[in-house]
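Asker: Fold the following.
(one chain, ligands or ions: 1)
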Amino acid sequence: MMGRRTSDAVKISILFSFRATKVFSGEPLAYPSPAFFSTSIVGETPILVRDFIRSALYDPNHGYFSQRSGVVGMLEKSIKFNQLEGRKAYMRHLDKIYKQHDIAWFTPVELFKPWYAHGIAEAIMRTANLSIPLQIYEIGGGSGTCAKGIMDYIMLNAPARVYNNMTYTSVEISSSLAKKQIETVGEVRSHLSRFTVECRDAADRSGWGDVNPQPCWVIMLEVLDNLPHDLIYSKNQVSPWTEVWLEKRHDRYAMHNYILTPCIFVFFSH
Ligand SMILES: C[S@@+](CC[C@H](N)C(=O)[O-])C[C@H]1O[C@@H](n2cnc3c(N)ncnc32)[C@H](O)[C@@H]1O
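Answerer: Predicted structure coming up:
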């Protein structure tokens with residue numbers, strides 16, 4: 001059974017990182033019926049934030065990651081940090097880069113390439129048991145910059161047997177990004193025999209098969225917040241927690257707060 005709607009529809013503005021959508025508090029609604037994993041965000045039925053994210057990012061027809069090829073910005077060349085005199089110069093350079101590219105955002109592994117990936121590789125090398133084959137999984141590897149940077153670093157800095165025996169498996173939901181990853185990693189031909197891309201939803205448990213007891217590394221950069229999740233809200237420290245539902249009205253989303261559904265409540269109270 002679902003809970004009842006709380007009296008106050010809270011006015012908060014959310015800027016969804018993938019789409020600048022204005023949110024406003026709407027008129028009171030009849031209590032929504034559950035719309036778990038709905039595939040459409042167009043409609044008058046309020047949906048949970050998890051359904052909204054799933055639809056907006058992953059719907060096979062209009063999902064941000066399903067459709068668009070250039071969603072993850074890639075720099076053609078690394079920024080020469082040693083030629084920048086401090087923060088202001090860096091910000092100016094960043095401004096220039098954004099003006100040159102038709103892209104909404106660059107991730108840290110792109111902006112700080114190759115150093116960001118090299119830092120991760122160094123951390124792996126310092127802590128891994130290098131007497132057993134190194135297995136790395138990356139979920140949501142974007143354009144493959146992290147994978148290439150890590151493999152480059154291990155090739156150049158680890159004992160040869162570590163590089164020779166390593167495997168790097170990328171699990172990527174977007175087919176266009178999966179292709180891009182092979183191109184990026186394939187810039188160094190020897191990486192390709194150690195690198196595999198599985199084009200699938202990493203959140204779908206069935207794709208992972210049986211448990212492999214061998215230790216492995218799992219890397220996720222800028223991915224966790226893309227996975228469908230709920231949004232809960234409390235106006236202040238004494239108000240009850242509420243869950244957020246979204247309702248599409250023309251080109252805007254109305255946000256409504258309801259008391260927690262049992263499923264979210266059980267999770268939250270543990
Ligand atoms: C914001 S981008 C980050 C890309 C890269 N990690 C970086 O930091 O530049 C999110 C990446 O995760 C992928 N992704 C999102 N949800 C996924 C899922 N459920 N399973 C596998 N990949 C997913 C996207 O296609 C994209 O490559």
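Asker: of all the residues in the stretch 101-250 of the chain, which ones are close to the ligand?
Answerer: Taking CB under 6 Å from any ligand atom as the contact definition, the stretch 101-250 of the chain meets the ligand at 107, 109-110, 139-142, 171-174, 177, 201-203, 221-223, 226-227. To be clear about C-beta, it is placed using only N, CA and C from the backbone, and glycine gets the same treatment.
Asker: List the beta-bridge partners for residue 220.
Answerer: Residue 220 forms beta bridges with residue 139, as assigned by DSSP bridges.
Asker: mind listing what it touches?
Answerer: Counting by CB atoms under 8 Å, 6 or more residues apart in numbering, residue 220 touches 138-140.
Asker: Tell me the one of those residues nearest residue 119?
Answerer: Taking CB to CB as the measure, residue 119 lies nearest residue 138 of these, at 14.9 Å.
Asker: Would you check that the closest one makes contact with residue 177?
Answerer: No: counting by CB atoms under 8 Å, residue 138 does not reach residue 177; the two are 11.6 Å apart.
Asker: returning to what we had before: weed out the non-buried ones from the residues of the stretch 101-250 of the chain next to the ligand.
Answerer: 107, 109-110, 139-142, 171-174, 177, 201-202, 221-223, 226-227 (16 or more other CB atoms under 10 Å).
Asker: before we move on, the earlier item: and for residue 138 and residue 177, which residues touch both?
Answerer: With CB under 8 Å, 6+ apart as the test, residue 138 and residue 177 reach no residue in common.
Asker: Let me know how buried residue 251 is, in neighbour terms.
Answerer: Using other CB atoms under 10 Å, residue 251 has 7 neighbouring residues.
Asker: go on, residue 250?
Answerer: 5.
Asker: what sits against the spatially most central residue of the chain?
Answerer: Closest residue to the average C-alpha location of the chain: residue 223 at 2.1 Å, with CA atoms, centre = their mean. Residue 223 makes contact with 139-140 under the criterion CB under 8 Å, 6+ apart.
Asker: Can you give me the pLDDT of it?
Answerer: Note for residue 223: predicted pLDDT of 94.
Asker: cool, residue 255 as well?
Answerer: 79.
Asker: Can I take it that it is in a strand?
Answerer: Yes: membership of residue 255 in a strand is supported by DSSP: H, G, I helix; E, B strand; the rest coil.
Asker: Look up which residues are beta-bridged to it.
Answerer: According to DSSP bridges, beta-bridge pairing links residue 255 with residue 25, residue 246.
Asker: what about it, how many neighbours?
Answerer: The burial count assigned to residue 255 is 23, neighbours taken as other CB under 10 Å.
Asker: Next SSE downstream of whatever helix or strand residue 156 lives in?
Answerer: If you go by DSSP states H and E, residue 156 is part of helix 145-157. For helix 145-157, the following helix or strand on the C-terminal side (DSSP H and E) is helix 160-165.
Asker: Any idea how far that next one is from the middle of the chain?
Answerer: 30 Å (CA atoms, centre = their mean, to the nearest Å).
Asker: same thing with stretch 159-178?
Answerer: 18 Å.
Asker: Outside of it itself, which residues are in contact with it?
Answerer: 58, 65-66, 68-69, 71-72, 125, 130, 133-144, 147, 150-151, 154-155, 181, 185, 191, 194-202, 207.
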